[in-house]
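**Student:** need a structure here:
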Amino acid sequence: MGDRAGGRPAPETGGTGSRLEGGRAVSRTYLDYLNEKAMPHMWCPGCGNGNILKALLAAFAALDLDPRKTVVVTGIGCWGKADDYVTTNAVHGTHGRALALATGIKAYRPDLTVVALMGDGDCATIGGNHFIHAARRNVGITAVVANNHNYGMTGGQFSATTPAGSRTSTSPYGHAEEAFDLCELARAAGANYVARTTVCHYRQMEKLITEALAGEGFSLVEVMTPCPTYFGRLNRRGGPPEMWRSLKEEPGLRTGCLVKASRPSFEARYAEIQKAARAMTGEERDPDAR
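**Tutor:** Predicted coordinates for the structure are as follows:
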C-alpha cells in the first residue's frame, strides 16, 4: 500500500484536508485524485467504468478526503483496474478477495477511508462469501460494484448477476440460473447503506457514492453498466448507444437509496470490546503502543 504516482500525487495538505497551492488552502477537485499519467484508461468503447471512476473521484472531492488517508482496494476484472487511475493509497488483491483485504485494513486502521471497487464476478461470484460477511459485520467499507452481468475481462463468462436466459461465452444457448439481487442480499445481511444507480444517471451516481462514503458501517452502491464487447454482442443488444439507451429506460429497475440504517459499525464495536478487555486485565494502554 502506498501513494500512487500520477498527475497530482498525494498533495500537501492544509488544515481541513484541502490541498495547498501557493501557500494557501484550495478545495480539491476530482483531478486531485486522478492519476493522469496512467491515461488513457484500458476500458472498451461504450463501457461505463470511466463514468463510475469520475463519480467516485468527484465524491472524494465533495468530502475533501485526504488522499493519504484514503485506501482504494480492488480485485481482478475490468473495474478492478481502477486502482491504476487514482492517487490515493491502493491495494490490488486477488480475485474475489477485495473485501477481505479491505476488512483487514479497516480493522487495523479505522481512521482510514476504505473503498472496495469490484465487478459483479469479483464481488458476487468469487467473492460472494466475503460480501455477505462484510455486510453482516457492518465493516466501515464502501463497496462500489460495477455490474455488467458478466466477466468482461476474461471473455464474457456468466456471473452470479447474469440474468436467466442470457447468452454468455459459457452459456451460449442461454443461462439456466437465476441472478443474485446484490442490493437485496446486502440489505438482508445487515448493511447500513444500500443504493443502486446506473452509469446513465451520473448526478444520482455521484450523490449516492458521496452519501455512502459519508456514512458509518458497510455501504454498497451497485452501478449498472453496459458491456457492449461481450454481453451486448452475445445477446444482440446493439452497440453502445443502444445499450446505454436501453439501460437508461429499463423498466422496473429500482434505483436510488434503498436502505439507510444506523447500526453500530464493526470497528466501533471492536473498539469497545478492546477497551473492556484492557480494563478487565488492568492494561489500560493501547496494545499497539508496546
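**Student:** Just give me the residue closest to the centre of the chain.
**Tutor:** The structure's the chain has its C-alpha centroid closest to residue 144; by Cα atoms, centre = their mean the separation is 2.3 Å.
**Student:** On the three-state scheme, it is what?
**Tutor:** strand (DSSP: H, G, I helix; E, B strand; the rest coil).
**Student:** was I right about it contacting residue 119?
**Tutor:** No - in terms of Cβ atoms under 8 Å, residue 144 does not count as a neighbour of residue 119; the distance is 10.3 Å. Heads up, the C-betas are built off the backbone N, CA and C, glycines and all.
**Student:** And residue 254, how far from residue 188?
**Tutor:** Computed with Cβ to Cβ, to the nearest Å, the distance linking residue 254 and residue 188 is 15 Å.
**Student:** Compare those two (neighbour count), which wins?
**Tutor:** For residue 254 and residue 188, the more surrounded residue by other Cβ atoms under 10 Å is residue 188, and the numbers stand at 14 against 10.
**Student:** for the protein, what are the low-confidence residue spans?
**Tutor:** In the predicted model of the chain, residues 1-25, 283-290 satisfy pLDDT under 70.
**Student:** Against which helices or strands is the top helix by length along the chain packed?
**Tutor:** Looking across the chain with DSSP state H, the single longest helix is helix 266-281. If contacts are counted by 3 or more Cβ pairs under 8 Å, 6 or more residues apart in numbering; DSSP states H and E, helix 266-281 sits against helix 98-108.
**Student:** Run through the neighbouring helices and strands of the helix it packs on.
**Tutor:** Under the contact criterion of 3+ Cβ pairs under 8 Å, 6+ apart, the helices and strands touching helix 98-108 comprise strand 70-74, strand 113-119, helix 128-137, strand 141-147, helix 266-281.
**Student:** Now the ones you listed in TSV, please, with extra columns for distance to residue 44.
**Tutor:** As requested, those are arranged in TSV below (distance: least, Cβ to Cβ, whole Å):
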stretch	distance to residue 44
strand 70-74	18
strand 113-119	13
helix 128-137	25
strand 141-147	13
helix 266-281	37
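**Student:** Tell me which of these approaches residue 178 most closely.
**Tutor:** With respect to residue 178, and counting by Cβ to Cβ, the nearest of the helices and strands packed on helix 98-108 is helix 128-137 at 14.1 Å.
**Student:** Buried ones in that closest one, by neighbour count?
**Tutor:** Buried residues in helix 128-137, defined by neighbour count with 16 or more other Cβ atoms under 10 Å: 128, 130-135, 137.
**Student:** all strands of this structure, in order?
**Tutor:** Taking DSSP state E to define them, one finds strands in the chain at 13-14, 18-21, 24-26, 70-74, 89-92, 113-119, 141-147, 150-151, 157-158, 193-198, 219-224, 256-260.
**Student:** what distance separates the fourth one from the middle of the whole chain?
**Tutor:** Between the centre of strand 70-74 and the centre of its host chain there is 9 Å, according to Cα atoms, centre = their mean, to the nearest Å.
**Student:** quick one: contacts of that strand?
**Tutor:** 1, 33, 60, 80-83, 86, 88-93, 98-99, 101-102, 105, 112-118 (Cβ atoms under 8 Å, 6 or more residues apart in numbering).
**Student:** One more pass at 7 Å, please.
**Tutor:** Applying Cβ atoms under 7 Å, 6 or more residues apart in numbering, the external contacts of strand 70-74 come out as 1, 60, 80, 82-83, 86, 88-93, 98, 101-102, 105, 112-117.
**Student:** Please name the nearest non-neighbouring residue to residue 147.
**Tutor:** Distances taken as Cβ to Cβ, 6 or more residues apart in numbering place residue 120 nearest to residue 147, at 4.5 Å, with adjacent residues excluded.
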